[in-house]
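K.L.:
fold the stuff below for me.
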Amino acid sequence: MELFGLLTDGQVVNSVELINENGMKLKLINYGATITSLKIPKKGGGFVDVVLGFDTLDAYLKSFELAGAPYFGSTVGRFAGRINQGIFGLNGTKFHLNTNNNGHSLHGGISNFSQKVWKVENVKEGKNPSVSLSYFSPDKEENYPGDLLVTLTFTLTEENELILDYKASTSEDTVVNLTHHSYFNLDGHDSNIADQDLIVNSSKILEKTNENIPTGKFLDVANGTFDYRTAKKCPTNIDDTFVLENQNEFAASLFNKANDLKMTVYTNQPGVHIYVGGSCGSIKGKNDALYHSLSGICFETQNFPDAPNQDHFPSPVLKKGETYHQETRYKFEMVQ
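P.N.:
Residues are numbered from 1 along each chain as shown. Prediction:
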């Protein structure tokens, strides 16, 4: 571990690096359990860093002051996506969450998991290296019920997979929906995704309002704008949840023909939220790169947004005595 920076209250933020036997390198910090770089070995030597990020802790802190915080590489919780008006009912009680997005709660609220210092529990080197972090979220944090203990393990396999394994337990019934928010770019974090090919293994998306709140309806993507069942160029603007009906299959893939690099996403979650564009333009990133709306694409594997208010969505309720488990894999390979 290396010192990455100090918060104003003196809390220490450290950086951890994992390297597998193929030379794939992952760097993350315990502020927000955030991936800062992910370097994949290239065919002719050298590396390509496939995630957006910042060089300093101060830059990460200041990014949350932006009108559209980018959440570069962070862990999102307690609840990824939006909850309508920040209100939901559970066991006969109505909870009013802190709102931070047009009167709605987004990604866990004002001071969410992406802005917390996580505890580094364990670092394993050698074959299939990994690092485990934990965060204790007290009862009523952002007005969510229950003490929630989250553990997250990042593993680099020798098959060049990045595995994220989340577990959570609670002192009383609550709602949980965790995800990872890296912006991926297989041509390098300082490039753009316009010529990269996207496949999403989904025949349905969630219908949404103009404030990005699900209406509860499922829309068929066949032959429409959101039909990515066969490869299409990455969209220039998208902020939509795709329904994953078979967790035994891949969720999505991204391919960059310039270096023959392919990333395939697998998850046990019911949805993958694809995000490109938004208001994350003109941000100074790593190595003085100027990020823009086409710098990267997010694959937010998760339960559906606003699931606490939609009875026919998969239940986001975590009961006392039960364990939340989320696993997502990002597999990288060179395609001839």
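K.L.:
for the stretch 201-336 of the chain, which spans come out with low pLDDT?
P.N.:
278-281 (pLDDT under 70).
K.L.:
please repeat the previous calculation with a cut-off of 80.
P.N.:
Residue ranges of the stretch 201-336 of the chain with pLDDT under 80: 278-282, 336.
K.L.:
just the helices in it please.
P.N.:
When assigned using DSSP state H, counting those that start in this stretch, the stretch 201-336 of the chain turns out to have no helices.
K.L.:
what's the closest non-adjacent residue to residue 230?
P.N.:
Distances taken as Cβ to Cβ, 6 or more residues apart in numbering place residue 199 nearest to residue 230, at 6.9 Å, with adjacent residues excluded. (C-beta placed from N, C-alpha, C; glycine too.)
K.L.:
partner strands of the strand or helix carrying the one you found and their direction?
P.N.:
Secondary structure from DSSP states H and E places residue 199 in strand 197-200. Taking DSSP bridges as the criterion, strand 197-200 forms sheet pairs with strand 232-233 (antiparallel), strand 252-256 (antiparallel).
K.L.:
okay if I get these as CSV plus mean neighbour count and distance to residue 116?
P.N.:
Converted to CSV, these look like this (neighbours: other Cβ atoms under 10 Å; distance: least, Cβ to Cβ, whole Å):
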stretch, mean neighbour count, distance to residue 116
strand 232-233, 12, 37
strand 252-256, 21, 28
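K.L.:
need those strands in a markdown table (columns: distance to residue 42).
P.N.:
Output for those, formatted as a markdown table (distance: least, Cβ to Cβ, whole Å):
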| stretch | distance to residue 42 |
| --- | --- |
| strand 232-233 | 22 |
| strand 252-256 | 11 |
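K.L.:
and of those, who's closest to residue 161?
P.N.:
Checking these against residue 161 by Cβ to Cβ gives strand 252-256 as the closest, at 13.4 Å.
K.L.:
put the alpha carbons of that closest one into PDB.
P.N.:
Output in PDB follows, covering the C-alpha atoms of strand 252-256 (Å, rounded to 0.1, in the frame of the first residue of the first chain):
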ATOM      1  CA  ALA A 252     -22.500  -6.900 -22.500                       C
ATOM      2  CA  SER A 253     -19.300  -6.700 -24.500                       C
ATOM      3  CA  LEU A 254     -17.000  -3.900 -25.900                       C
ATOM      4  CA  PHE A 255     -14.500  -4.400 -28.700                       C
ATOM      5  CA  ASN A 256     -11.800  -2.100 -30.000                       C
END
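K.L.:
which outside residues touch that strand?
P.N.:
With contacts defined as Cβ atoms under 8 Å, 6 or more residues apart in numbering, strand 252-256 is touched by 184, 186-187, 193, 195-201, 228, 231, 234, 242, 261-265, 272, 274, 297, 299, 335.
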